[in-house]
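> Return atomic coordinates for the entry below.
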Amino acid sequence: MKRLIPGRYEPLSLCIAVMAVSLSFSPRTAIDAPQNEIRIVRHVEVPMSDGVKLYADLYLPAAPGKYPTIVTRTCYGVQRDGVHETMIRFAQHGYAVVVQDVRGRYESEGIWEPFRDEGKDGYETIEWAATQPFSNGKVALQGGSYLGHNQWAAASKTPPHLVAIFPGVASTNIYANWITMGGAFRLSFNYGWGVVRMPNRIMLPQYWHSAAYTPEELKYENILMHLPLNTGDLASAGSPVQHYRDWLEHESYDEYWKAISDEENFDRINVPVHTYGGWFDIFLMGTINGYVGMRNNGATPEARAGARMIIGPWGHGPSQSFGGIDFTPIANMDMFDVQLDFYDYHLKGVKNGLDLEKPVQLFYMGANKWRSESDWPIPQTKYRELYLNSSGSANSVRGDGRLTFDKPAEAATDTYRYDPAQPVPTTGGNNCCGTPTQAGPVDQRPLERREDVLVYTSDFLTEPLTIAGPIKMKLHAATDGPDTDWMIKLVDVQPDGYAMPVAEGILRARFREGLDKVKLLTPNEVYEYEIELTSTANVFKPGHRIRIDITSSNFPQFDRNPNTGAPLGSSDELRVARQTIHHGGARPSHLILPLVPALD
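Below is the predicted model:
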């Protein structure tokens, strides 16, 4: 859809007549049949308390009246393809819609600093919208990814007229489940989004690519090899990108990050929240933490009871196929219909049965089935340990690494050499939007041939094993330097050998005592590390095997740990590390699996 802008500051108001039959709607939404006419009002000024003017487009039912109102605040442009069509549909269903460029982006005034003004500006926009002639005073928020974060940030300010929010595929802690995972810097996403795609507004085009780089050097995969990281922005922007440098400067979970963390504020949010995400989305942890945080800590009983969550076998949005795996047509979901049901129930009082449904809907991979659950973690969960075992040669899939549910009595070790100059390449997993590699359940066999990947595999299963929930690794390990990374993948090995990753986790060793604590290692000392993997729901079917892969890099999804202990992004020095994994005996390295009842 092209932008509907005759001139930058010229308002545009028009009516659009659309036959109701031209769009498909689910039977449940038929109770509120769409209106046939809407009007769009362009470039509406929304004043902020500090004098900055933000601008929005309005999508309104053509008939005069006061309507429940949906607010979307975006950094990607109000007339972006897909957004425009979605807002038309909401207006056709009897909602007034405000779509606003955030501060410093596109038509709105001010300077954009990612994340830092969204709470205040969101609050003021909600209260402005509630008092407009088109609004009945009931406001909900809408949008995914950065737009979802905007919802959390605004809701934490407790706007009086806010009724509900629906943050999709969104982070709830910018440091812990956006910028890093386990303290490891998400290089490809942070660089691709924060430098290449979203440089600060003051980064004028005439300065882009002004550095003396060749076309080969400007290839994305080569730029990401640049060291030190804190000058890598020059490769594509030609001058510093301040927010990117700030992210590198604040390598731990300090006050810079706590000030914009939604997870610090769940107890201030007093409205129902519906999250959704994908098992392979980069913000999966935010989706789950948002639901759990509101279910347990929401400001009111109504907010706690109203928490809801959907997770499918998706990346950064619903799909049938992802990462080379077709999860069948039932995997896909029309999120517009889901949102409409949620808004209808909370803003219009429509009795559509939402309150009668269980709050959590999960897609179980392997079986390719949906199941509704009463909570997360699932109340019937039984946790079971899966132990590493070998005779000392678990290197690659050719080695002797084994997984057993019985704790090995004999102590043993496996070793490998981690060279940050030759990192294990990112292949699938939880990634998104700014990476040169494919995300999702991509076959891990090419990586499992490497000697710097330890591979532990179970016997063939004779019965289905159903898991759903949080997964942790208790790893007893040592390295010969002051810092390193531990990368863990849980893999479903299919009868034909396809090694499908279903969960992954990484821990930067310096953060072993907490993401807000930097503590370097004593070389060659054995530590017990607790590594959180992404949650999942998967059925390991008979004839399949369970596998755990362990290594120290996943590049460029995460930056390469140089093994030197230097502050993040500050040095171009690399050193090779010798890694030792202990298992059995007094040091039983193991994965903790969340077993749940089998599917019907």
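
> contacts, neighbours, all on C-alpha from now
Fine.

> mind checking which helix or strand of the protein has the lowest mean pLDDT?
Least confident helix or strand of the chain, by mean pLDDT, DSSP states H and E, is strand 13-17 with a mean of 32.

> Show me what the helix or strand just after that one is packed up against.
Moving toward the C-terminus from strand 13-17, the next helix or strand (DSSP states H and E) is strand 37-47. For strand 37-47, the packing partners by 3 or more CA pairs under 8 Å, 6 or more residues apart in numbering; DSSP states H and E come out as strand 13-17, strand 53-61, helix 83-92.

> would you turn those into TSV with distance to residue 193 and mean neighbour count?
What follows is these, written out as TSV (distance: least, CA to CA, whole Å; neighbours: other CA atoms under 10 Å):
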stretch	distance to residue 193	mean neighbour count
strand 13-17	33	14
strand 53-61	23	25
helix 83-92	19	21
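
> could those be laid out in a markdown table, adding distance to residue 151?
What follows is those, written out as a markdown table (distance: least, CA to CA, whole Å):
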| stretch | distance to residue 151 |
| --- | --- |
| strand 13-17 | 27 |
| strand 53-61 | 16 |
| helix 83-92 | 16 |
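
> Just give me the neighbour total for residue 261.
Residue 261 has 23 neighbours, counted by other CA atoms under 10 Å.

> Could you tell me which residues make contact with it?
172, 173, 174, 175 (CA atoms under 8 Å, 6 or more residues apart in numbering).

> quick one: which of those is most hemmed in?
Busiest of these [other CA under 10 Å] is residue 172, holding 31 neighbours.

> Need the per-residue pLDDT for that one.
In this model, residue 172 is scored at 98, pLDDT.

> Same question for the one 10 residues further on.
Per-residue pLDDT puts residue 182 at 98.

> Can you verify my assumption that it contacts residue 176?
Yes. Counting by CA atoms under 8 Å, residue 182 touches residue 176, with 7.0 Å between them.

> Counting neighbours, what do you get for residue 280?
Counted with other CA under 10 Å, residue 280 comes out at 31.

> I should have written residue 598 there, sorry.
10.

> Would you mind confirming that it makes contact with residue 537?
No. At 11.3 Å, residue 598 does not count as touching residue 537 under the criterion of CA under 8 Å.

> Measure how buried residue 356 is and give me the count.
By the criterion of other CA under 10 Å, residue 356 has 8 neighbours.

> Quickly note the distance from it to residue 122.
Note on residue 356: its distance to residue 122, by CA to CA, to the nearest Å, is 31 Å.

> ok, now residue 63?
27 Å.

> okay, the two: which has more neighbours?
residue 122 (27 against 11).

> Could you find the closest non-adjacent residue to residue 168?
residue 144 (4.3 Å; CA to CA, 6 or more residues apart in numbering).

> oh, I was asking about residue 494
What sits nearest to residue 494 in space, not counting adjacent residues and going by CA to CA, 6+ apart, is residue 544, at 4.9 Å.

> Quick one, grab the pLDDT at the one you found.
Per-residue confidence at residue 544 stands at 98 (pLDDT).

> ends of stretch 413-433, how far apart?
38 Å.

> now that stretch: how far from the chain's centre is it?
20 Å (CA atoms, centre = their mean, to the nearest Å).

> cool, and stretch 148-168?
18 Å.

> So for that stretch, what gets flagged as buried?
Buried residues in stretch 148-168, counted by 16 or more other CA atoms under 10 Å: 148-159, 161-168.

> again with stretch 352-372
354, 359-370.

> just stretch 575-590 next, same as before
576-584, 587-590.

> what's that stretch in contact with?
The contact list for stretch 575-590 (CA under 8 Å, 6+ apart) reads 385-389, 407-420, 473-481, 484, 562-564.

> Return the members of the residues you listed classed as buried.
With burial judged by 16+ other CA under 10 Å, the buried subset of those is 385-389, 407-408, 411-420, 473-481, 484, 562-564.

> how about the helices in the stretch 401-550 of the chain?
Assigned helices in the stretch 401-550 of the chain, in chain order: 445-448 (criterion: DSSP state H, counting those that start in this stretch).

> so where do the strands sit in it?
Assigned by DSSP state E, counting those that start in this stretch, the stretch 401-550 of the chain shows strands spanning 402-404, 412-418, 454-457, 465-479, 485-493, 499-508, 527-540, 545-551.

> just these: most buried one?
strand 454-457 (a mean of 26; mean count of other CA atoms under 10 Å).

> thinking again about what came up before, same list (the buried residues of stretch 352-372) but as a markdown table, adding secondary structure and pLDDT.
Output for the buried residues of stretch 352-372, formatted as a markdown table (DSSP: H, G, I helix; E, B strand; the rest coil; pLDDT from 0 to 100):
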| residue | secondary structure | pLDDT |
| --- | --- | --- |
| 354 | helix | 95 |
| 359 | coil | 98 |
| 360 | strand | 98 |
| 361 | strand | 98 |
| 362 | strand | 98 |
| 363 | strand | 98 |
| 364 | strand | 98 |
| 365 | strand | 98 |
| 366 | coil | 98 |
| 367 | coil | 98 |
| 368 | coil | 98 |
| 369 | strand | 98 |
| 370 | strand | 98 |
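
> which two in these are spaced the farthest apart?
Farthest pair in the buried residues of stretch 352-372 (CA to CA) is 354 and 366. Separation: 27.9 Å.

> Now the most centrally placed residue in the chain: phi and psi?
Geometric centre of the chain, nearest residue: residue 283, 0.8 Å, by CA atoms, centre = their mean. The phi and psi values for residue 283, taken as degrees, to the nearest 10, are phi -110, psi 30.

> surely it meets residue 169?
Yes. With contact defined as CA under 8 Å, residue 283 reaches residue 169; the gap is 5.8 Å.

> and the protein, what are its domains?
Using automatic domain parsing, the domain parsing of the chain gives 13-168+265-319+328-364, 177-256, 382-595.

> out of those, which comes closest to residue 374?
Counting by CA to CA, residue 374 lies closest to domain 13-168+265-319+328-364 out of the domains of the chain; the figure is 5.3 Å.

> Quick one: distance of the closest one to the chain centre.
18 Å.

> residues contacting residue 476?
By CA under 8 Å, 6+ apart, the neighbours of residue 476 are 526, 527, 528, 529, 581, 582, 583, 587, 588, 589.

> repeat that for 7 Å
Contact partners of residue 476, counting by CA atoms under 7 Å, 6 or more residues apart in numbering, are 526, 527, 528, 529, 581, 582, 583, 587, 589.

> Distance-wise, check the last one relative to residue 412.
Noted for residue 589: a distance of 10 Å to residue 412, by CA to CA.

> about what we covered before: which of the strands of the stretch 401-550 of the chain sits closest to residue 191?
strand 499-508 (18.9 Å).

> What pairs with that closest one, parallel or antiparallel?
strand 485-493 (antiparallel) (DSSP bridges).

> got the contact list for the partner strand?
499-509, 540, 544-553, 561.

> rerun at 8 Å
184, 473, 499-509, 533, 540, 544-554, 561.

> Report the angle between that strand and strand 527-540.
Angle of strand 485-493 versus strand 527-540, following axes from the mean of the first three to the mean of the last three CA atoms, to 10 degrees, is 20 degrees.

> Could you export strand 485-493 as CSV, CA atoms only?
Written as CSV, here are the backbone C-alpha positions of strand 485-493 (Å, rounded to 0.1, in the frame of the first residue of the first chain):
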residue,chain,number,x,y,z
ASP,A,485,30.6,-18.7,26.5
TRP,A,486,28.6,-21.9,26.9
MET,A,487,26.1,-22.6,24.1
ILE,A,488,23.5,-25.4,24.5
LYS,A,489,21.0,-26.8,22.1
LEU,A,490,18.3,-29.4,22.6
VAL,A,491,17.7,-31.3,19.4
ASP,A,492,15.0,-33.7,18.2
VAL,A,493,16.8,-36.3,16.0
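
> List the buried residues in stretch 293-308.
Buried residues in stretch 293-308, counted by 16+ other CA under 10 Å: 293-295, 297-300, 303-308.

> Closest to residue 517 out of those?
residue 293 (22.8 Å).

> Setting aside sequence neighbours, what's the nearest residue to the closest one?
Counting by CA to CA, 6+ apart, residue 293 lies nearest to residue 266, which is 6.0 Å off, once chain neighbours are set aside.
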